[in-house]
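Participant: sharing a model prediction with you, sequence too.
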Number of protein chains: 2
Amino acid sequence: MSTKALLSRSEDFSEWYNQLVIRSELADYAPVRGCMVVRPYGWALWENMTAYLDAEFKRTGHVNAAFPTLIPLSFFEKEKEHVEGFSPQLAVVTHGGGEELEEKLVVRPTSETVIGYMYSKWINSWRDLPLLIVQWGSVMRWELRTKLFLRTAEFYWHEGHTAHATAEEATAEMRRILDIYEKFSLEEAAIPVIKGRKSDSERFPGARITTSIEAMMWDKRALQAGTSHYFGPNFAKAFDIQFLDKNNVRQYCETTSWAISSRMIGALIMVHGDDQGLVLPPRLAPIQTVIVPIFKSDAEQSAVMEVADGVFAALQAANIRVKLDDRDNVSPGFKFNDWEMRGVPVRIEIGPKDVAKGSVALARRDRPGREGKSFVPQTDLVATVGRLLDDIQSSLLQRATAYRDAHIHEPTTYEEFRKVVADDWAFVWWCGRAECEASIKEETRATTRCIPFDQPQQSGDCIYCGQPANERVYFARSY
Amino acid sequence: MSTKALLSRSEDFSEWYNQLVIRSELADYAPVRGCMVVRPYGWALWENMTAYLDAEFKRTGHVNAAFPTLIPLSFFEKEKEHVEGFSPQLAVVTHGGGEELEEKLVVRPTSETVIGYMYSKWINSWRDLPLLIVQWGSVMRWELRTKLFLRTAEFYWHEGHTAHATAEEATAEMRRILDIYEKFSLEEAAIPVIKGRKSDSERFPGARITTSIEAMMWDKRALQAGTSHYFGPNFAKAFDIQFLDKNNVRQYCETTSWAISSRMIGALIMVHGDDQGLVLPPRLAPIQTVIVPIFKSDAEQSAVMEVADGVFAALQAANIRVKLDDRDNVSPGFKFNDWEMRGVPVRIEIGPKDVAKGSVALARRDRPGREGKSFVPQTDLVATVGRLLDDIQSSLLQRATAYRDAHIHEPTTYEEFRKVVADDWAFVWWCGRAECEASIKEETRATTRCIPFDQPQQSGDCIYCGQPANERVYFARSY
């Protein structure tokens, strides 16, 4: 345990992030270049995310399955854009059981190909549709510049793969999932997002439409926090996924795929974290409340621990994720800092005076220092803590939303635009031409984030070329 | 959907198994040799298994984490037995991102090495112990002869890895986990098992003690259904996992590892299945109860469906996993066969006569035909079904236990022994020498399954060499 203070966010945001991930024991560097180990505290956070999403997917008729980690390299060549997109990132298995393989295999970077292959075997009739399968696991993309959670060679995610009879059903599925992602982001992660479709240059390799939710980090850079793709019949043609329709005519399926990955953990850190460390939203926090007992003498200890044990039992019985920190080798002050750094939403301090008064001290993580501290009676503490957790959850979302909105601008000249996207986001008219998008990227490093579904009725002039533009789009520098 | 009858078990047990796995849609062959796809029905079964075990591990202080899928090949060379055991089975990644790797990587066949490496970084003091981590995921072992669930190149499992201060604590952990495995097997899978330690020749590569639970399949072959290993300081020395004890002296940790894999699904099939198909224990069955409505006219349909919908809603509200089969393109008889084949424990039939009488027909899967059928009132149906599911669960265990016990013998001569192990299991004195074990294996194909913890007080003569023997051991042919 290091007692050195963290860097501040404003000092060096990137290094603040790197140190915090390690210090809070969310993750560590694996001995394989670019790979990470997700430590128990980080994995508990991921489990809370997956539990919510898994329940939402099941509620909406999806089922889970498991497809192989290894995929024949030749599968990637069946869809032209797909192979171009993923070839540079593949990890290739050439030997198995001591012999060179006849056909090279890749560690899956994504599973459209092998799932498409299986779907072509499983789908025969319109009665087999829609087929709505989710796979939870990890994938491998050989990345040169890596950052824990945000971009690692191996990362964790779910990938949904669905097959439908019509384009309408497939695009509706794409949108339904994006709505689940938005709801998850708002209600669970307390992160406001903008929903929209990606420009052609930012599309997933092989997709006809890629949609995403885009979030603003504390440094105002954008993070694509989830994606949902509509493939049309592209993969169905590449893998021969056909069905007999109600008129007994063979048709190609329409397919989708979608994912949220462990980079969402990176988003949590970069949206809510502060100079004291993580600030975790209560609904996802592995530990929602920590109890720190304070005493000097043995007599104090037994009086304090009796109350602390009672509070612990009461909170646990109410399904609040609670920890009693009874370490005897560190001071209460050390514990305060330690749990603040780990982002526990609520701290309960219990000392001899609290025992005497029948009260406890409550400290809320989202408001450090005196402002966030209150003294409340032990009676009815479960309800008090429950309300406080709810309040922290909604306060975090409000704060993040206000912060984001304050950093989105609507410049009307390219001159203004350049100044805006040096730090913030710009919401502007764009003609839709890839040339303008590329020029803007080259000149400002800002890229199109997404084209929101809700568009104004009128039209305007492209921020770059001045030609007529029908859509407004968000530009920002991104992770 | 094929309407062809299954093979019977006695006709060709192996082929019965292969066909049933495919027909019941538990799994399918992947396009990569030796790999499988676990289909939604199979994965739902696995999720029920994992939910129970995950809760048990958490209840006993374990936490989950995720370590990388790829491990440097050199790691395997640090523990001598480990490398000898796993080298022939490795899948090797030689290229990443289009370039040849400086160091070859293997797709993990098991994770002692990389977890040991991380533990050496994380563990410093006795205060960091015990460290009790579980990883859920898949591993890869290049197998030449594969069989769905039982032996595939990639399979699914959890692997627990723990580090302790003393040998006593580590061996107690090994036993604690084996007890959880036994409880899981009995209470959830309804499979009786024998707990014991493995002979030296059957030890896990690198372990000092390997313990296992051993189950008897319908063809009387043994299946190792779970293992728990004690490593002593072997891996701690290979990966330098040391801690400062309370006297500030550096010590090597004592470690364990343990696993149950998706081959447990194979055990479920082979223990409980019959000539009609799967017979799933209610506690693990993805669908516990299926409702089949029966009607001819439209008037009948609306009356029957009203009752069926009500029964469905009532069972679902009581957290019984229920499915209403309202397919309109197949007959009730087809549905009966279909759900029998898929092993659903209870079938509820509702026809016009049942509607008139206020009753339903209940069919229990473990007793096919008339014997398992009863007519019960619709009132209180939830409680009736609940009791029936409990009864099926315990009946399956009783039946499997009686079957197993009838096929375990205690021959006293080698002549008798040979006859016994041609089909059944033998429980006999063994001198403990590897030579006798090897000769028996060569002559009979039977191997030592395990040496039970509870041993008689007296001693006897080795079944092979006649020399004094202190322990009795189970011999059987195994999967």
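Facilitator: The structure has been received and is ready for your questions. As the structure is a computational prediction, the values presented were derived from the model and not from experiment. Numbers count the residues shown, from 1 in each chain, chains lettered A, B, ... in the order given.
Participant: would you map the helices across chain A?
Facilitator: Under the criterion DSSP state H, helices of chain A are mapped to A:13-23, A:40-59, A:80-86, A:112-122, A:167-183, A:234-239, A:263-272, A:298-317, A:332-341, A:352-357, A:381-406, A:414-423, A:434-444.
Participant: and these as CSV, adding mean pLDDT, mean neighbour count and distance to residue B:29?
Facilitator: Heads up, the C-betas are built off the backbone N, CA and C, glycines and all. Output for the helices of chain A, formatted as CSV (pLDDT from 0 to 100; neighbours: other Cβ atoms under 10 Å in any protein chain shown; distance: least, Cβ to Cβ, whole Å):
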stretch, mean pLDDT, mean neighbour count, distance to residue B:29
helix A:13-23, 97, 18, 40
helix A:40-59, 98, 18, 26
helix A:80-86, 82, 17, 23
helix A:112-122, 97, 23, 9
helix A:167-183, 98, 19, 27
helix A:234-239, 94, 23, 16
helix A:263-272, 98, 25, 33
helix A:298-317, 97, 16, 46
helix A:332-341, 97, 18, 49
helix A:352-357, 96, 15, 64
helix A:381-406, 98, 17, 46
helix A:414-423, 97, 16, 51
helix A:434-444, 97, 15, 43
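Participant: nearest to chain B, out of those?
Facilitator: Closest approach to chain B among the helices of chain A (Cβ to the nearest Cβ): helix A:40-59, 3.8 Å.
Participant: quickly list what the residue lying closest to residue A:326 once chain neighbours are set aside is bridged to.
Facilitator: Closest residue in space to residue A:326, ignoring its immediate chain neighbours: residue A:293 at 6.7 Å, by Cβ to Cβ, 6 or more residues apart in numbering or on different chains. Residue A:293 forms beta bridges with residue A:350, as assigned by DSSP bridges.
Participant: endpoint to endpoint, stretch A:335-351 covers what distance?
Facilitator: 14 Å (Cα to Cα, to the nearest Å).
Participant: got the contact list for the residue nearest to residue A:326?
Facilitator: Residues near residue A:293 by Cβ atoms under 8 Å, 6 or more residues apart in numbering or on different chains: A:301, A:304, A:305, A:308, A:324, A:325, A:326, A:332, A:350, A:351.
Participant: switch to 7 Å and redo it
Facilitator: A:304, A:305, A:308, A:326, A:350 (Cβ atoms under 7 Å, 6 or more residues apart in numbering or on different chains).
Participant: ditto for residue A:219
Facilitator: Residue A:219 is in contact with residue A:13, counting by Cβ under 7 Å, 6+ apart.
Participant: can you pull the contacts of the residue of the stretch 201-350 of chain A found nearest chain B?
Facilitator: Using Cβ to the nearest Cβ, the single residue of the stretch 201-350 of chain A nearest to chain B is residue A:329, 6.9 Å away. By Cβ under 7 Å, 6+ apart, the contact set of residue A:329 is residue B:127.
Participant: do residue A:57 as well
Facilitator: A:134, A:160.
Participant: residue A:83 against residue A:73, yeah?
Facilitator: No. The criterion here is Cβ atoms under 7 Å, and residue A:83 misses it with residue A:73 at 9.5 Å.
Participant: could you find the closest non-adjacent residue to the closest residue to chain B within the stretch 351-479 of chain A?
Facilitator: Proximity of the stretch 351-479 of chain A to chain B (Cβ to the nearest Cβ) peaks at residue A:479, 19.8 Å away. Of all residues not flanking residue A:479 in the chain, residue A:223 sits nearest, at 4.8 Å (Cβ to Cβ, 6+ apart).
Participant: ok, now residue A:277?
Facilitator: Closest to residue A:277 by Cβ to Cβ, 6+ apart is residue A:341, at 3.4 Å.
Participant: same question, residue A:408
Facilitator: Looking at residue A:408 with Cβ to Cβ, 6+ apart, the closest residue is residue A:425, at 4.6 Å.
Participant: close enough to count as contact, the one you found and residue A:478?
Facilitator: No. Using Cβ under 7 Å, residue A:425 is not in contact with residue A:478, being 9.9 Å away.
Participant: if you count surrounding residues, which of those two has more?
Facilitator: residue A:425 (26 against 17; other Cβ atoms under 10 Å in any protein chain shown).
Participant: and stretch A:32-43, is it in reach of chain B?
Facilitator: Yes. Residues of stretch A:32-43 contacting chain B under Cβ under 7 Å from any Cβ of the partner chain: A:32, A:35, A:37, A:38, A:39, A:40, A:43.
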